[in-house]
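Q: okay, predicted coordinates and the sequence, questions at the end:
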Amino acid sequence: MAIELWMVFEAVSNDKDKVEEALEDHIEGLEGHESVEVKEVNWDETEKVDNPHPDLDEGFSRVVETVVEVDDFNTAVEITINYGPTYVQIEGPENFNLTLKDSQEALQKVADTMHNYAQMGAGGVLISKSGEE
């Protein structure tokens, strides 16, 4: 079962060349992923923008839209986590079956990612006991 995804990526920086190079490298990585077939890549022009980030008064932004096809939902979750699109949408098929095993593996990928970020000190979920300690 092939799943088609529409993925939008945006890069922002104070340096126009860095925005373009970083986004081009990112899409090349997606194109080189063995479980992904990139069907379309549509590049917007790099634009000068005001206040693109709280710490940046002026910068450059570039957006690229892609349509990719993956073999299964697990791969869709994996590339969404690993490539971090600004937006992702499942384009098709309209319906598909997801086994319990595939569902569990997809959720575990999300959980593993959250734990990895927490271990790096970059976020995570705090767990606290209710009541007295």
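A: Okay, I see it.

Q: give the buried residues for the longest helix seen in the chain.
A: Longest helix of the chain, by residue count under DSSP state H: helix 100-119. Neighbour-count burial for helix 100-119 flags Ala106, Lys109 (criterion: 16 or more other Cβ atoms under 10 Å). Using the backbone N, CA and C atoms, a C-beta is placed for each residue, glycine as well.

Q: give the other helices and strands that it contacts.
A: helix 73-83 (3 or more Cβ pairs under 8 Å, 6 or more residues apart in numbering; DSSP states H and E).

Q: tell me the mean pLDDT over the helix it packs on?
A: Averaging pLDDT along helix 73-83 gives 92.

Q: now do stretch 48-67
A: So the average pLDDT for stretch 48-67 ends up being 89.

Q: any chance you could map the strands in this protein?
A: For the chain, the strands defined by DSSP state E cover 3-13, 36-43, 47-53, 56-70, 87-92.

Q: elements contacting the first one?
A: Read it as strand 3-13. helix 16-32, strand 47-53, strand 56-70, helix 73-83, strand 87-92.

Q: which one of those lies nearest to Leu100?
A: Closest approach to Leu100 among the helices and strands packed on strand 3-13 (Cβ to Cβ): helix 73-83, 12.2 Å.

Q: still on that earlier bit, Met120 is nearest to which of the helices and strands packed on strand 3-13?
A: Of all those, helix 73-83 comes closest under Cβ to Cβ, at 14.6 Å.

Q: give me the buried positions along that closest one.
A: So for helix 73-83, counting by 16+ other Cβ under 10 Å, buried means Phe73, Asn74, Thr75, Ala76, Val77, Glu78, Ile79, Thr80, Tyr83.

Q: please consider this matter closed, and thank you.
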